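Chemist: how would this look folded up:
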Amino acid sequence: MTLPGPARGDLTDAQWALLEPLLPTPAAGRPPSRSKRQLINGIRWRVRVGAPWRDVPERYGPWQSVYDLFRRWTRNGTWARILTALRSRADAAGLITWDINVDSTAVRAHQHAAGAAERGKAGITKRSSPTITGWAAHAEG
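Modeler: A predicted model of the protein is given here:
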């Protein structure tokens, strides 16, 4: 079956040539009725648009087939392996710039940095940032 021409957002021939070798080899048995490229384009359409699976256009095949491939490859880790392989190739080609940003939403202070009470000698409780008047009160008391 030939597709009626690529839809906007479908894989180009160059993208398919890069992706196809990363796909798992089909198991022996009945040949699939839809091409992997057609089903993957359906998955990409659904993820890009955010529509329900039942709204996947017929040009990508039955929505059940598109969903089944997505679900199987999610469960068995195929999508993760494909992403890792593509990311490795892009990094090796210098196409990824790695910037590391750290801010207070990603970093937690140690519990002692929060001014938690600690025990010193003779059972005197002191704070991590005491004031002079506080120490004087403990010394005299």
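Chemist: how many neighbouring residues does the closest residue to residue 7 other than its chain neighbours have?
Modeler: Among residues not flanking residue 7 along the chain, residue 59 sits closest, at 6.8 Å (CB to CB, 6 or more residues apart in numbering). C-beta here means a position set from N, CA and C on the backbone, and glycine is covered the same way. Here the number of neighbours of residue 59 (other CB atoms under 10 Å) works out to 15.
Chemist: my read is that residue 59 contacts residue 35, right?
Modeler: No: Residue 59 is beyond contact range of residue 35, at 11.8 Å (criterion: CB atoms under 8 Å).
Chemist: for the residue nearest to residue 7, helix, strand, or coil?
Modeler: helix (DSSP: H, G, I helix; E, B strand; the rest coil).
Chemist: one more: residue 51?
Modeler: Residue 51 ends up coil, using three-state DSSP.
Chemist: ok, now how distant is it from residue 44?
Modeler: Distance, residue 51 to residue 44, by CB to CB, to the nearest Å: 12 Å.
Chemist: more neighbours, those two?
Modeler: residue 44 (16 against 13).
Chemist: that one: what's it in contact with?
Modeler: 9-11 (CB atoms under 8 Å, 6 or more residues apart in numbering).
Chemist: and if we set it to 10 Å?
Modeler: 9-11, 60, 66, 70 (CB atoms under 10 Å, 6 or more residues apart in numbering).
Chemist: ranges for the strands of the protein?
Modeler: 118-119, 125-126 (DSSP state E).
Chemist: which of those strands has the lowest mean pLDDT?
Modeler: Lowest mean pLDDT within the strands of the chain: strand 125-126, at a mean of 56.
Chemist: wait, the residue nearest to residue 7 sits on residue 37?
Modeler: No: assessed by CB atoms under 10 Å, residue 59 is found out of contact with residue 37, at 11.9 Å.
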